[in-house]
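> When you get a sec, could you give me coordinates for this:
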Amino acid sequence: MSNSIRQFVTAEIEDMLCDYFDLIYTQDMGLFDRVFHPGAVLYSAQDGEVVVRPRDVYREVMEGRQSPQEAAAPRLDEILLIDVLSPEIALAKVRLRLFGNTMVDYLNLLKTDGRWTVAAKLYHRAEPLHG
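Next up is the predicted model:
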C-alpha cells in the first residue's frame, strides 16, 4: 500500500475514532449504530473475570446508564496507535476517561459499505486518571 493511500485510510479512521470518542462521552445511539459493526463483539478480562458482550447487549448497557456528558464528567480521549493492515482492515489503540477510570481499548476495524466500523473491541480498565 502506498504512503498516500495509507495516509488517506488513516485520516478516515481518525474521523471514525472521533465519532467513537463522542459516542462514549455522549452515548448518542445514532453514533453507536454508525460506529459499531452489526456483528461486533466486546471483550474484557479484569480481575480474573472474562466478559464477552455482543454489540446489542453493550448497546442496552449504554442506553441504561447516565452518560459521562450528563454527569458533567471531565473528558479525555486520545489515539495511541493506528495500524493499517489493508484498505479494509486496521487496528486502533485508544485511551479515554470513562466515569473516573482510564480505559484502554484495542479496536479491530473493518471498512464495509464505504465506512469504518468497530468489528471487535478489547478493553481494559487501567489506573485511574487524576485531575
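
> For the rest of this, base every contact and every neighbour count on C-alpha atoms.
Fine.

> Would you mind finding the longest helix in this structure?
The longest helix of the chain (DSSP state H) is helix 3-26.

> so what secondary structure elements neighbour that helix?
Counting by 3 or more C-alpha pairs under 8 Å, 6 or more residues apart in numbering; DSSP states H and E, the packing neighbours recorded for helix 3-26 are helix 29-35, strand 77-86, strand 89-98, strand 115-125.

> who wins for proximity to residue 64 among those?
helix 29-35 (11.4 Å; C-alpha to C-alpha).

> ok, now how distant is the closest residue to residue 77 other than its chain neighbours from residue 48?
Using C-alpha to C-alpha, 6 or more residues apart in numbering and skipping residues adjacent in sequence, the residue nearest residue 77 is residue 96, 4.1 Å away. For residue 96, the distance to residue 48 (C-alpha to C-alpha, to the nearest Å) stands at 22 Å.

> More neighbours: which of those two?
Ranked by neighbour count (other C-alpha atoms under 10 Å), residue 96 and residue 48 place residue 96 first, with 21 against 7.

> So for that one, what's the pLDDT?
pLDDT, residue 96: 94.

> just the one 5 residues further on next, same as before
At residue 101, the predicted lDDT confidence score is 87.

> Pairing partners for it in the sheet, please.
Counting by DSSP bridges, residue 101 forms beta bridges with residue 98.

> Next: residue 105.
Residues in beta-bridge contact with residue 105 (DSSP bridges): residue 94, residue 123.
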